[in-house]
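Asker: Sequence unavailable; structure follows:
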C-alpha cells in the first residue's frame, strides 16, 4: 500500500507537473535540481524570489485547491513580471494537513496548467505534514542590467498602473460581508481575487522603458510608497485617473469604501511603474499598438511620501483603515 | 510604533543576516534578488533545492530558536553537500505565530552565524503569519557535469558513509522517552540532533571520486535505497562495519533498538556515497591525508533492494518499525 507520503509525492512528479525546459539538466528526484545557466544565459542575470500563502491568512480556508495552486504560482510569477524577468523554474514547499487524493489531484492539475502556460518547470519540492501552507521560490532571467527595481524612480517620472485597481479587494470585502455584489459581477470579481493574471509580457516590455516597477499586492499606496521610499522621492497620484473596472463601479456607491479599496485594498497583482517623461510618448505608442491597458495616474516629485488628490483635495491617507487579508 | 511586520522584517534584513557575496547584484528588499551567474559561473551549473521544517513535525515545539534556525539552514546546506556543490545563496520563507522579539533575535543571530560560516547569502524572504514553519530554498554551484547524483551507482562500487550513524536518532529516542541517556553524553547527542554538520568539504572532494551520493535524513537503509532504486542496482551492507560513536555505544545495550536507530533512524545528515572500485585506493589515500572520517560499509550488487548482514545473517529490514520524527 502506498504511504501517505507516496500519495502526495505522486502529484508533484515530472509526470503530474509536466512542463519541461531544456535548461533543466536534472529535475525533481535528487537532493537538488541541476540547472544549466552557462550556455543559455551568458548575457543574463538570474532573478529569484519567494512568496508564501498560508491558509486562513492569505486565502479563506474554503478556497478550492485549483484556486490555491493557481494563486500560489501566480503571485510568484507576478514578482518576475515586476522585475521585467522571463520566468524559468520554481520550487514548491507544501505543508499539508492530510493526503486527500482529490484535493491533491485538483491542486496538481491547476499548478501544472499554469506552469505550462508560462513555461516554468517545477524543479524541486518538499512535502511536509502540518497546517496548509504553500511556499514557492521562483527563478527567472533578465538581460544583464535590465532588471526593473524599486529604487530608480526619478523626479518628473510619470506613474502608471496596468489593468484596473480594486477588483480583488472588492471581492474580498464582499466575502468578508462588508458589501453585497450583484449576481452578474460575482464571477468576474472572484476571478480577479483568486486568479490574478501575472503581467509577464508587460514586464518584459517595461524593461525597455520603466525606471521602476512593483506589483500591487499590499495596496496601491503601500506599494507605490515602496518605490518612492527606495528611490528617495515622493509621489502624487490623482484618484480620478485610477482605472476602475465596470464591475467595480457597478457594485459600489459608498465613497469611503471605494477610496479604501482602491488605495489600500491590494491583491490585484497589477503592475505599478514609473516612466521617464522623455520616454512617455514612445512608451504610449508601443502600448497602444499592443492593446495593453495601462493608465497614467500621477507623477514623481521631490516631497517625500505618497499623496492622493481627489476632487482637488488631498485625501487623508492615514485615515484609510482598511485591513486586508494578507501578511502580518 | 513599528508594526508586527516591521519588527519581524528587521531581523531578516541585510544588517541582521550579514553574509555578503560579490555575485549578488541586488539582495533582499525588491520583488526579487538579482544574481550574477554569467561572469563567475560560465563553467558551472546551478543546483537548487528546498527543505521545510514544521514545528511539532520536524522538531519538538520547545526547540530553541537558535537550534531551529541552525537546523533549517544546515539541512539545506546538507543537500548542497550531497550534490558536491558549493553553496551560494538562499531564500527564507518563515511563517510565525507571533512577533516575539527575543525569539526573532535569537533565530536571526543563529541563522546569520551559520550563513557566514558557509559563505551563503540570504537573498529573499517572505514572513507570514501562521503556525511555525520554515522553508529554505538553497542555491549552489558545481563544475559542469560534476554534480553528485543518486542514479549512477554501478555494480561492484563500494558503499561508504561519513562520520558516525545513529547519534541523532538516539537523541530523539531519548527525548521521546524510549531510552535514558548518561548525563555526560546528553550534550554531544543533542548537538548531533540539533546541529548537524553539513559535509560541504567532503561533498566537494567526492565530486572527483564518487559515482553517487545522498545525505542521510530519512535513515541509512531508506536513503541508500534511494540510490539503488535510482541506479537500478541493489546493495548489501554489513552492520558491524557501520561506524558508531563512543557515546552511542555507551548508552545503548538493547540490540533491537540499536539496529533500528542505526538502520532507520535518520537525521544524522552524514553522506552515504558509492566509490568505484578502481578509484577506492586513491580516494582512501586522499581521505586519510585530510583526516576525514569515512567508512566502507558494503557494496553495490545486481540484486535489487538493500540488504543488511549482521552476525552473518540477513536482518529482516521490513521488521524494523522505528517511526522517526520527520516527513509524512
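Answerer: Great, that's in hand. These figures come from a predicted structure and were not determined experimentally. Residues are numbered from 1 along each chain as shown, chains lettered A, B, ... in the order given.
Asker: contacts, neighbours, all on C-alpha from now
Answerer: Noted.
Asker: Could you chop chain A up by domain?
Answerer: For chain A, automatic domain parsing gives the domain ranges A:4-143, A:158-314.
Asker: biggest helix in chain A by residues?
Answerer: helix A:65-83 (DSSP state H).
Asker: Let me know whether that one sits next to chain B.
Answerer: Yes. Using CA under 8 Å from any CA of the partner chain, helix A:65-83 reaches chain B at A:79-80, A:82-83.
Asker: For the helix or strand hosting residue A:159, name the packing helices and strands.
Answerer: According to DSSP states H and E, residue A:159 maps onto strand A:158-162. Applying 3 or more CA pairs under 8 Å, 6 or more residues apart in numbering or on different chains; DSSP states H and E, we find strand A:158-162 packed against strand A:271-275, strand A:294-301.
Asker: Among the ones you listed, which comes closest to chain B?
Answerer: Among the helices and strands packed on strand A:158-162, strand A:271-275 comes nearest to chain B, with 11.4 Å by CA to the nearest CA.
Asker: next structured bit after the closest one?
Answerer: helix A:277-289.
Asker: what distance separates that next one from the middle of the whole chain?
Answerer: Distance of helix A:277-289 from the chain centroid (CA atoms, centre = their mean, to the nearest Å) equals 24 Å.
Asker: Next one: the closest residue to residue A:149 other than its chain neighbours relative to chain B, how far apart?
Answerer: Nearest non-adjacent residue to residue A:149, counting by CA to CA, 6 or more residues apart in numbering or on different chains: residue A:212, 5.2 Å away. Between residue A:212 and chain B the distance is 11 Å, computed by CA to the nearest CA, to the nearest Å.
Asker: again with residue A:262
Answerer: 21 Å.
Asker: Now do the helices in chain A.
Answerer: Using DSSP H, helices in chain A cover A:4-10, A:65-83, A:101-117, A:167-175, A:186-194, A:200-206, A:220-231, A:246-251, A:255-264, A:277-289.
Asker: Compile those into TSV and extend it with columns for mean neighbour count and mean pLDDT.
Answerer: Converted to TSV, the helices of chain A look like this (neighbours: other CA atoms under 10 Å in any protein chain shown; pLDDT from 0 to 100):
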stretch	mean neighbour count	mean pLDDT
helix A:4-10	16	70
helix A:65-83	27	97
helix A:101-117	18	95
helix A:167-175	24	94
helix A:186-194	19	96
helix A:200-206	21	97
helix A:220-231	22	96
helix A:246-251	15	95
helix A:255-264	19	93
helix A:277-289	14	97
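Asker: Out of those, which is closest to residue B:278?
Answerer: helix A:4-10 (36.6 Å; CA to CA).
Asker: Could you count how many residues lie near whichever residue of the stretch 151-300 of chain A sits closest to chain B?
Answerer: Nearest residue of the stretch 151-300 of chain A to chain B, counting by CA to the nearest CA: residue A:214, 6.8 Å away. The number of residues packed around residue A:214, counting by other CA atoms under 10 Å in any protein chain shown, is 30.
Asker: What's the per-residue pLDDT of residue A:41 here?
Answerer: For residue A:41, the pLDDT comes out at 57.
Asker: before we move on, the earlier item: winner for burial among the helices and strands packed on strand A:158-162?
Answerer: Mean neighbour count (mean count of other CA atoms under 10 Å in any protein chain shown) peaks for strand A:271-275 among these, with a mean of 27.
Asker: Just give me how far it sits from the chain centre.
Answerer: 14 Å.
Asker: Equivalent analysis for stretch A:226-245, please.
Answerer: Its chain's C-alpha centre and that of stretch A:226-245 lie 17 Å apart, by CA atoms, centre = their mean.
Asker: Can you name the residues in contact with it?
Answerer: For stretch A:226-245, the surrounding residues in contact (CA atoms under 8 Å, 6 or more residues apart in numbering or on different chains) are A:150-155, A:159, A:161, A:163-167, A:212-214, A:225, A:295-311.
Asker: Kindly check the end-to-end length of it for me.
Answerer: Chord length of stretch A:226-245, first to last residue, is 25 Å (CA to CA, to the nearest Å).
Asker: buried set for it?
Answerer: Buried residues in stretch A:226-245, counted by 16 or more other CA atoms under 10 Å in any protein chain shown: A:226-239, A:242-243.
Asker: on that earlier part again, partners of the strand holding residue A:159 in the sheet?
Answerer: The pairing partners recorded for strand A:158-162 under DSSP bridges are strand A:271-275 (antiparallel), strand A:294-301 (antiparallel).
Asker: can you redo those as TSV with distance to residue A:201?
Answerer: Converted to TSV, the strands paired with strand A:158-162 look like this (distance: least, CA to CA, whole Å):
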stretch	distance to residue A:201
strand A:271-275	11
strand A:294-301	13
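Asker: can you redo those strands as CSV with mean pLDDT?
Answerer: As requested, these are exported to CSV (pLDDT from 0 to 100):
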stretch, mean pLDDT
strand A:271-275, 98
strand A:294-301, 98
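Asker: closest one to residue B:186 among these?
Answerer: Judged by CA to CA, the one of the strands paired with strand A:158-162 that comes nearest to residue B:186 is strand A:271-275, at 54.7 Å.
Asker: Residues in contact with the closest one: which ones?
Answerer: Residues from elsewhere that reach strand A:271-275 (CA under 8 Å, 6+ apart): A:81-82, A:153, A:157-162, A:199, A:209-216, A:220, A:223-224.
Asker: let's go with 6 Å and repeat that
Answerer: With contacts defined as CA atoms under 6 Å, 6 or more residues apart in numbering or on different chains, strand A:271-275 is touched by A:157-162, A:210-216.
Asker: residues near the residue nearest to residue A:95 when sequence neighbours are not counted, how many?
Answerer: Nearest non-adjacent residue to residue A:95, counting by CA to CA, 6+ apart: residue A:128, 4.6 Å away. Residue A:128: 26 surrounding residues under other CA under 10 Å.
Asker: Relative to residue B:178, how far out is residue A:128?
Answerer: 24 Å.
Asker: What segments of the stretch 1-150 of chain A are strands?
Answerer: For the stretch 1-150 of chain A, the strands defined by DSSP state E, counting those that start in this stretch cover A:24-26, A:33-35, A:44-54, A:86-96, A:121-129, A:133-143.
Asker: okay, those strands in CSV with mean pLDDT next?
Answerer: Below are the strands of the stretch 1-150 of chain A laid out as CSV (pLDDT from 0 to 100):
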stretch, mean pLDDT
strand A:24-26, 88
strand A:33-35, 90
strand A:44-54, 94
strand A:86-96, 94
strand A:121-129, 91
strand A:133-143, 95
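Asker: Bridged to residue A:298, which residues?
Answerer: Taking DSSP bridges as the rule, residue A:298 bridges to residue A:159, residue A:237.
Asker: can you list the residues of the stretch 101-250 of chain A near chain B?
Answerer: Applying CA under 6 Å from any CA of the partner chain, one finds that the stretch 101-250 of chain A approaches chain B through A:124, A:126, A:128-129.
Asker: out of those, which are buried?
Answerer: A:124, A:126, A:128-129.
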